[in-house]
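[1] A structural model of the following input is requested.
(one chain, ligands or ions: 1)
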Amino acid sequence: MGITVKRLSYGIGAEVLGADLTRPMSDEAIAQIRKAWIDNGIVLIRDQDITPEQHIAFSRRFGVLDDHSALFKYRHPEHAEIFIVTTRPNADGSPSNTRETGVNWHSDMSYTLRPAMGSLLYCLEIPEVGGDTQFANMYLAYDTLSNGFKRLIEPLQAVHTYAWAIHDTEKGRNPEFAKAHIAVNPPVTQPMVRVHPETGRKTLYVSEGVTTHIAGMTHAESQAILQPLFAHAVRPEFTYRHHWRLHDLIMWDNRCAMHKALRDRLPGTHRHMHRTTILGEPSGALYQEAQ
Ligand code: SIN
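    This is a model prediction of the structure:
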C-alpha cells in the first residue's frame, strides 16, 4: 500500500496512512513522509507497534539524532537517543521527574544553541481520559500579525531559558536533577522571527514556556510585547489538539510548530511516551546579561 496524506485540521497537521515502521521503508516512502511533515508541520502515524530500535531507526531517516545531553537525567537507560516522558512513578515509588514535561507552550530545545529540528513522540501507554498534546502553527502566527508588529519584532532577539521552562514542574520536586540540567543549559538568545531553512517562510519563534524576555529590554517592557504574541500564537484556529491512541507516533517540525502537553489526565492513571529528537541547524548565541 502506498503512502497517503490526510489533513488533521485547518491550523496544522496531517495523518500519514500506509506506513509500516516495523519494516525497512523505501527512500521514496520516506521522501513522501518528509514532504507531508514539511507541508503540514506535524504528521501523525497510527498503529505502529515498534521497539525502541525501530523508533530510532525510523527517526534517523530524517536527520542526526540528539543524544539528549541537555536532559541527560531523563534518557532511556539503554538508548541515549530516547528521552522518556512518563507519569509512571520511579522504581522507589517517588513521582516521575518528567510527569509534567512540556506543560507550557514551547519548541523543543530552543534554550540551546542547536534547537531541535524534529521530535518524534511515541505513545506506549495512554490514560483512559486525557494526556492530550496541543500543537500550534507558527507560520500562521507570524503571517497574521500586522505589518507594524512584524517590523517591530523582526530585528529583536529573545532570551530562552531552561531554568524558566521548568520553573513550576521539576525544580521543586527534584532540585538535584534540575540543578544538573540548568548547569548545562545557560540562557541563550534566539531571533524572534526565524526563517525556516527548508521552506524559506518566516515563523514566530517565542514561547511562553521558555522565553523570559527580549534582549536589551527590561522584563516589564518585554512582557508588553511578548504577552500579546503568546496569546496570538495559540489562537484556536492555529492549533490542533491530539488525543493519543496507543502506538500513535507524531513527528513535529520544531522550526514552525510549538506544542504543549495538557494536564488533563485523571488522577491515578498513567501516560508513558518515548521521544527521539532530530538535531536542527545552529541558532542563537549565549545570552550576555548586559545586552
Ligand atoms: C514534549 O514536550 O516533548 C512532550 C510533549 C508531550 O508529552 O505531549
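[2] Count the neighbours of whichever residue of the stretch 101-250 of the chain sits closest to the ligand for me.
    The nearest approach of the stretch 101-250 of the chain to the ligand comes at residue 102, 2.4 Å away (Cβ to the nearest ligand atom). Just so you know, the C-beta spots here come from the backbone N, C-alpha and C atoms, and that holds for glycine as well. Using other Cβ atoms under 10 Å, residue 102 is surrounded by 21 other residues.
[3] For the stretch 51-200 of the chain, which segments count as helices?
    Counting by DSSP state H, counting those that start in this stretch, the stretch 51-200 of the chain has helices at residues 52-60, 138-143, 147-153, 162-165, 170-173, 175-184.
[4] Which of the ones you listed comes out lowest on mean pLDDT?
    Of all the helices of the stretch 51-200 of the chain, mean pLDDT reaches its minimum on helix 170-173 (a mean of 58).
[5] Figure out which of the helices of the stretch 51-200 of the chain is closest to residue 252.
    helix 138-143 (11.0 Å; Cβ to Cβ).
[6] Check which helices and strands that closest one sits against.
    Helices and strands touching helix 138-143, by 3 or more Cβ pairs under 8 Å, 6 or more residues apart in numbering; DSSP states H and E, are strand 202-204, helix 219-233.
[7] Would you quantify the distance from residue 133 to residue 26?
    Plainly put, residue 133 is 29 Å away from residue 26 if you go by Cβ to Cβ, to the nearest Å.
[8] what about these two, which has more around it?
    Between residue 133 and residue 26, counted using other Cβ under 10 Å, the more crowded position is residue 133 (21 against 10).
[9] what pairs with that one across the strands?
    Residues in a beta bridge with residue 133, per DSSP bridges, are residue 242, residue 261.
[10] can I assume it is in contact with residue 257?
    No: taking Cβ atoms under 8 Å as the definition, residue 133 is not a contact partner of residue 257, at 11.0 Å.
[11] Show me which residues of this structure are close to the ligand?
    85, 101, 102, 108, 119, 121, 133, 259, 261, 273, 275 (Cβ under 6 Å from any ligand atom).
[12] tell me, how many neighbours does the fourth one end up with?
    As a burial measure, residue 108 scores 27 neighbours (other Cβ under 10 Å).
[13] Just the ones of the residues of the chain next to the ligand in strands?
    85, 119, 121, 133, 259, 261, 273, 275 (DSSP state E).
[14] Out of those residues, which is nearest to residue 227?
    Once Cβ to Cβ is applied, the member of these that ends up nearest residue 227 is residue 259, at 19.8 Å.
[15] Contacts only, for the residue lying closest to the closest one once chain neighbours are set aside.
    Excluding the flanking residues, the one nearest residue 259 by Cβ to Cβ, 6 or more residues apart in numbering is residue 135, at 4.9 Å. Contacts for residue 135 (Cβ atoms under 8 Å, 6 or more residues apart in numbering) come out as 11-13, 41-42, 239-242, 252, 257-259.
[16] my read: residue 201 touches residue 139, true?
    Yes: counting by Cβ under 8 Å, residue 201 touches residue 139, with 5.3 Å between them.
[17] which residues do these two both contact?
    residue 256.
[18] which of the two has more neighbours?
    Neighbour count, other Cβ under 10 Å: between residue 201 and residue 139, residue 139 has more, with 19 against 14.
[19] quick one, what contacts the residue of the stretch 151-291 of the chain found nearest the ligand?
    Nearest to the ligand, among the residues of the stretch 151-291 of the chain, is residue 261, at 3.4 Å (Cβ to the nearest ligand atom). The contact partners of residue 261, taken as Cβ under 8 Å, 6+ apart, are 85, 100, 101, 102, 103, 131, 132, 133.
[20] swap in residue 10?
    Residues in contact with residue 10 (Cβ under 8 Å, 6+ apart) are residue 237.
[21] cool, the one 4 residues further on as well?
    Neighbouring residues of residue 14 by Cβ under 8 Å, 6+ apart: 5, 6, 7, 8, 36, 39, 40, 42, 43, 44.
[22] do you know how far residue 257 is from residue 117?
    According to Cβ to Cβ, residue 257 and residue 117 sit 11 Å apart.
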